[in-house]
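[1] Quick check, what structure comes out for this input:
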Amino acid sequence: MSKPTIAFLTYDWSFGTNPLQPNGCAWYRCYLPMTELKKFGWETGMGFPGFDPKHGYGLLIPDQKAVHGWDIVVLKLMMLESIVSQIPQAQSTGQKIVIDIDDHHAGLEPSNMAYIATDPKTNPKNNRDHYFKGMDLADALITSTPFLYNYYKKEYPNKPIYMVRNGVDNQYFNFRKDKSGLYPTVGWVGATPWRSNDLQTLNPFIGEYLEKKQWRFHHSGHIINAPTVEEQLGVPHKLYSSEGMQPILSYTKMFNRIDIGIVPLSGVQFNRAKSFIKGLEYTAAGVPWISTDFEEYTYLNKEFGVGRIAHTKDEWLSHLEELSNQKLRNKERQENMRIVKEFHTMEKRGPEWDKVYREIRDL
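    Numbering: from 1, shown residues only. This is a model prediction of the structure:
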């Protein structure tokens, strides 16, 4: 039997990098799964989409024709109007079309830049309505959380829906050393324009606590002209530092200045659907962390003992106070890492990806 073949197609790239690097969504849902599938005998590829009516979707090679002949094509964050006509044509060639879903675009709020960027009113040719129509047409959908799985199972009761949770690849992270003693640096990694008033949920009590303790706060991921974490979180200026967002291969270094990580989330549906990937990233970087009590983070904590969950202001402050103990921080980050290595690496997800895509190929 010939090798199964699969192509991951997306426009989710960090343009301007050399070599070209995928953005975070394409990294976790395309590039890392692709590398695991190779271990299971798949012929794989990832890149920009190239389309031909006679051959369906192909992998576009710069300055060359697209490479066609893929059994399965995974479309990631594809929102162009053209996919509505292209998907049926590709299916007519025998290709199985899959849409991978890692964010709940149906639950976006106007406070999140993605709401405007994917709004049909402001972007008629490239928007979430086309994305949803692509889901209508696809042979199968793959989700990353139970929330997304249940949502789309209800939307499409007769369509194959799968779930493979996110995993982290530890080789790209530096498991840092914590030498901060009684004055750890609290921090957050992310970009404020793509949040839904998340940091504001901890304002003003986190800033007040930091000022009382004289602890610093570091933000990794600032974008020029975007709202700062300093103002959204209410951190005293003298205790605040930041650095800019980096492409994925440098992104993992952005955890190096943080001793305690936070994952604040506001109560919007978009956040309820989120995976626990930020917690896995903190763990891989050697950073103990605290999260709002949302589904996937609570699951990671209750089922595996990884991370800390805060339901209230007092619990946030209590966790921070406990983590002021450097010996406890070191013990916790080591234990978190041990469990994540055992259960939540991309290598552990490999058999799941292989099983799901073989099922889809045989639909």
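
[2] OK, contacts around the residue lying closest to residue 292 once chain neighbours are set aside?
    Computed as C-beta to C-beta, 6 or more residues apart in numbering, the closest residue to residue 292 that is not its neighbour in sequence is residue 265, at 4.2 Å. For the C-beta atoms, the positions are set from N, CA and C on the backbone; glycine is no exception. By C-beta atoms under 8 Å, 6 or more residues apart in numbering, the contact list for residue 265 reads 198, 201, 271, 274, 291, 292, 294.

[3] distance of residue 265 from residue 291?
    7 Å (C-beta to C-beta, to the nearest Å).

[4] quick one on the thing from earlier: give me the phi and psi for the residue nearest to residue 292.
    When read as degrees, to the nearest 10, the backbone of residue 265 gives phi -140, psi 130.

[5] Tell me which stretches of the stretch 1-150 of the chain form helices.
    24-26, 32-39, 83-92, 113-117, 128-137, 146-155 (DSSP state H, counting those that start in this stretch).

[6] The nearest residue to residue 170 once chain neighbours are set aside: neighbour count?
    Leaving aside its sequence neighbours, residue 170 sits nearest to residue 284 (C-beta to C-beta, 6+ apart; 5.0 Å). Residue 284: 24 surrounding residues under other C-beta atoms under 10 Å.

[7] Residue 284 contacts residue 171, correct?
    No - contact criterion C-beta atoms under 8 Å: residue 284 and residue 171 do not qualify, at 9.3 Å.

[8] Pull up the per-residue confidence for residue 62.
    Residue 62 is assigned 68 on the pLDDT scale.

[9] and if you look at residue 25?
    97.

[10] In contact with it, which residues?
    By C-beta under 8 Å, 6+ apart, the residues touching residue 25 are 12, 76, 77, 102, 103.

[11] Distance-wise, check the third one relative to residue 105.
    Residue 77 sits 9 Å away from residue 105, taking C-beta to C-beta as the criterion.

[12] what touches both of those two?
    residue 131.

[13] Quickly find the element holding residue 315.
    helix 313-322 (DSSP states H and E).

[14] Now do that helix: which elements does it pack against?
    Applying 3 or more C-beta pairs under 8 Å, 6 or more residues apart in numbering; DSSP states H and E, one finds that helix 313-322 makes contact with helix 205-213, strand 289-292, strand 308-310.

[15] Name the strands paired with the last one and say parallel or antiparallel.
    Looking at strand 308-310 with DSSP bridges, its partner strands are strand 289-292 (parallel).

[16] Show residues contacting the partner strand.
    By C-beta under 8 Å, 6+ apart, the residues outside strand 289-292 that reach it are 201, 260-265, 276, 278-279, 282-283, 297, 301, 307-310, 316, 319-320, 323.

[17] is it true that residue 306 touches residue 284?
    No - in this structure residue 306 lies outside contact range of residue 284 using C-beta under 8 Å: 11.3 Å.

[18] Point out where the stretch 51-200 of the chain drops to low pLDDT.
    For the stretch 51-200 of the chain, the stretches flagged by pLDDT under 70 are 62-63.

[19] returning to that earlier point: for the helix holding residue 315, what is the average pLDDT?
    For helix 313-322, the per-residue pLDDT averages 98.

[20] C-alpha coordinates for the very next helix or strand once past that helix, CSV please?
    Counting by DSSP H and E, the next helix or strand C-terminal to helix 313-322 is helix 326-343. Extracted C-alpha coordinates of helix 326-343, given in CSV (Å, rounded to 0.1, in the frame of the first residue of the first chain):
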residue,chain,number,x,y,z
GLN,A,326,11.8,29.9,45.7
LYS,A,327,12.2,26.3,46.9
LEU,A,328,8.5,25.7,46.3
ARG,A,329,8.7,27.4,42.8
ASN,A,330,11.6,25.1,41.9
LYS,A,331,9.9,22.0,43.1
GLU,A,332,6.7,22.9,41.3
ARG,A,333,8.2,23.7,38.0
GLN,A,334,10.2,20.4,38.0
GLU,A,335,7.1,18.4,38.8
ASN,A,336,5.0,20.3,36.2
MET,A,337,7.7,19.5,33.6
ARG,A,338,7.8,15.8,34.6
ILE,A,339,4.1,15.4,34.1
VAL,A,340,4.0,17.4,30.8
LYS,A,341,6.8,15.3,29.4
GLU,A,342,4.8,12.1,30.3
PHE,A,343,1.4,13.2,29.0
